[in-house]
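[1] attaching a predicted model along with its sequence, questions to come.
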Amino acid sequence: MQVSGEYVESIATLCIFFTFSSILSALLHRQKRSKTSLLAGFANVCMIAGALVIIARNQLPEHLVFVLTNFCFEASLYCSFLAMLYFHQLQQRHRRKQRLLSLLWLGSILLLTLFPTLTTHYNYRMLCILPYYICLFGMMSWLAARQPSSSRPLSQSICIYLAMLGAACSLLRLLLAWSIDSPFPQADDSHRQTLLMNVTAVCLFGLALTLIFWEFENGTRDLQTLADIDSLTGLPNRRSFLQQCRQRLQQGQQGSLLIFDIDHFKQINDRYGHLAGDRVLRQLGEHLRGLARRDDLLCRYGGEEFCLLLQNADTEQAGRLAERLRSSISTLQFAVAPQHTLQITISIGGVALNLNTATAQLPLEQWLEQADRQLYQAKNQGRNRAIIAGMTA
Ligand SMILES: Nc1nc2c(ncn2[C@@H]2O[C@H](COP(=O)(O)OP(=O)(O)OP(=O)(O)O)[C@@H](O)[C@H]2O)c(=O)[nH]1
């Protein structure tokens, strides 16, 4: 049986993919079994099936080898495409595109199976299969690029470039194959085609693998958000606040620490219900976010208590800021039910973190205790007031 040089030279590359696939399976086992991971994993299984067909080419009719390998590689590309749709939850929105591309895929395979004479002309063969590759790679780079992301993760960029490279290689293959009117390309043409085919195969494999990493990166980011953010107000929680405060203290930064607490919050819960209380906390969180300066650290410390670390603010500045905060909150209207609003007041206790004094080495917990003591005083003195480290603002 005559064996195309194109296939022989590809075997080494495809064997390398086979090795990579073991790493991939290991990764898949560590991941939650989402549809994206499973489809991307299946894409690589299809690649390996294609590679096995090539390795066993001497035992199979040449025409069958050609049809089977293309079936496997096209299936692999289609699975990667589906994985990307599932990853971005776009599978419902792009139903028509999916149908069109699956028709293109099956159509090209049927054409090659039913009309074996087509395979005697290299350019016709390529015309049957390469438009599908160009379409799918092109669509994948478009899908990956249009996903909004404030800071583009590395996997997203790699996905975009791999898909663009795959589309470019397939287009170049088609252009170069156009003039080859024989069953197989000769010498130089064959080398060029093989090289481009191998690069396309690497793109295919890389895409599926990168999609898995992308999902993994997103998952890690989501977990981090869950660990750091209070789900009711969207503000940082106590844990992440304390962590950032400690970092700032270690860097020797000056500032003041305020703890504030809604006055008689229990009455709001008792009178309007817990959900209304939640609504008040959420709205207060939004107002505080608007009032805090860019470098300040704000958090929901727990229950109806919030904390604010004022960057570079001494006792006097902290007093002024606390007073401004207290008076602006007391004028706001909080919606607790449709067409029902109420006003609240807060009490504030604060302390300046003056690191030039003898207290510079105090651990953060002691600063918090001091601020809490001032808050306790503010409550005892009748609420709706701010007391900063002994001075009343
Ligand atoms: N709705 C709602 N209520 C909460 C939440 N966390 C704590 N609370 C309530 O906040 C109330 C706090 O009550 P207290 O500690 O007695 O304080 P207070 O009524 O604000 O009185 P003072 O602080 O002394 O002015 C309790 O009723 C808690 O159930 C929450 O996430 N949502």
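    Great, that's in hand. Numbers count the residues shown, from 1 in each chain.
[2] what's the burial count for L298?
    Neighbour count of L298, defined by other Cβ atoms under 10 Å: 21. Every residue, glycine included, has its C-beta placed from N, CA and C.
[3] quick check: closest non-adjacent residue to N237.
    Sequence neighbours aside, D230 is the residue nearest to N237 in space, at 4.5 Å (criterion: Cβ to Cβ, 6 or more residues apart in numbering).
[4] so what's that neighbour up against?
    Counting by Cβ atoms under 8 Å, 6 or more residues apart in numbering, D230 makes contact with P236, N237, G285, C299, R300.
[5] shouldn't the fourth one be within a strand?
    The reference is to C299. Yes - according to DSSP: H, G, I helix; E, B strand; the rest coil, C299 belongs to a strand.
[6] what's the pLDDT at the closest residue to it other than its chain neighbours?
    Among residues not flanking C299 along the chain, F241 sits closest, at 3.5 Å (Cβ to Cβ, 6+ apart). Note for F241: predicted pLDDT of 93.
[7] list the residues that contact F241.
    L297, L298, C299, Y301, C307, L309.
[8] try it again at 10 Å.
    Residues in contact with F241 (Cβ atoms under 10 Å, 6 or more residues apart in numbering) are D228, D230, L235, L297, L298, C299, R300, Y301, F306, C307, L308, L309.
[9] okay if I get those as a markdown table plus distance to the ligand and pLDDT?
    Below are the contacts of F241 laid out as a markdown table (distance: Cβ to the nearest ligand atom, whole Å; pLDDT from 0 to 100):
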| residue | distance to the ligand | pLDDT |
| --- | --- | --- |
| D228 | 18 | 88 |
| D230 | 9 | 92 |
| L235 | 12 | 93 |
| L297 | 21 | 92 |
| L298 | 17 | 94 |
| C299 | 14 | 95 |
| R300 | 9 | 96 |
| Y301 | 11 | 94 |
| F306 | 12 | 96 |
| C307 | 15 | 96 |
| L308 | 17 | 95 |
| L309 | 21 | 93 |
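[10] would you turn the residues you listed into a markdown table with distance to F87?
    Listed next are the contacts of F241 as a markdown table, based on distance: Cβ to Cβ, whole Å:
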| residue | distance to F87 |
| --- | --- |
| D228 | 24 |
| D230 | 28 |
| L235 | 29 |
| L297 | 34 |
| L298 | 33 |
| C299 | 32 |
| R300 | 32 |
| Y301 | 37 |
| F306 | 37 |
| C307 | 37 |
| L308 | 38 |
| L309 | 38 |
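[11] check those residues and tell me the two furthest apart.
    D228 and L308 (16.9 Å; Cβ to Cβ).
[12] among the two, which residue is more densely surrounded?
    Higher neighbour count among D228 and L308: L308, with 28 against 16, using other Cβ under 10 Å.
[13] my guess is L275 contacts I268. True?
    No - if you go by Cβ atoms under 10 Å, L275 and I268 don't touch, sitting 11.0 Å apart.
[14] looking at those two, which is more packed in?
    Taking neighbours as other Cβ under 10 Å, L275 and I268 compare with I268 leading, 22 against 10.
[15] which residues does that one contact?
    Contacts for I268 (Cβ under 10 Å, 6+ apart) come out as I262, H274, A276, G277, R279, V280, L281, E304, F334, V336, L342, I344.
[16] can you classify the nearest residue to the third one once chain neighbours are set aside by secondary structure?
    With sequence-adjacent residues excluded and distances taken as Cβ to Cβ, 6+ apart, A276 is closest to V336, at 3.9 Å. The three-state label for V336, taken from three-state DSSP, comes out as strand.
[17] cool, and G350?
    Remark: G350 carries the secondary structure label strand [criterion: three-state DSSP].
[18] tell me the contacts of it?
    Counting by Cβ under 10 Å, 6+ apart, G350 has contacts 256-260, 308, 310, 313, 315, 318-319, 321-322, 370-371, 374-375, 378, 386-389, 391, 393.
[19] and M84, by the same measure?
    Applying Cβ under 10 Å, 6+ apart to M84 gives the contacts 36, 39-40, 90-91, 94, 139-140, 143-144, 147, 159, 163, 207-208, 211, 214.
[20] how far away from the center of its chain is the longest helix seen in the chain?
    Counting by DSSP state H, the longest helix found in the chain is helix 187-228. Distance, stretch centre to chain centre, for helix 187-228: 15 Å (Cα atoms, centre = their mean, to the nearest Å).
[21] so Q98 touches Y78, yeah?
    Yes - between Q98 and Y78 there is a contact under Cβ under 10 Å: 8.8 Å.
[22] which two among the contacts of D230 are spaced furthest apart?
    N237 and G285, at 11.6 Å, using Cβ to Cβ across the contacts of D230.
[23] tell me, what's touching the two both at once?
    Shared contacts of N237 and G285 (Cβ under 10 Å, 6+ apart): D230, C299, R300.
[24] which residue does the stretch 151-300 of the chain bring closest to the ligand?
    Distances between the stretch 151-300 of the chain and the ligand by Cβ to the nearest ligand atom are smallest at G277, namely 2.6 Å.
[25] dump the residue contacts of that residue.
    Counting by Cβ under 10 Å, 6+ apart, G277 makes contact with I262, F265, K266, Q267, I268, N269, D270, R271, E304, V336.
[26] buried ones among the residues you listed?
    For the contacts of G277, a burial check counting by 16 or more other Cβ atoms under 10 Å picks out I262, F265, I268, N269, E304, V336.
[27] so what's H274 scoring on pLDDT?
    pLDDT recorded at H274 is 94.
[28] ok, it - how many residues close by?
    Applying other Cβ under 10 Å, we find 10 residues neighbouring H274.
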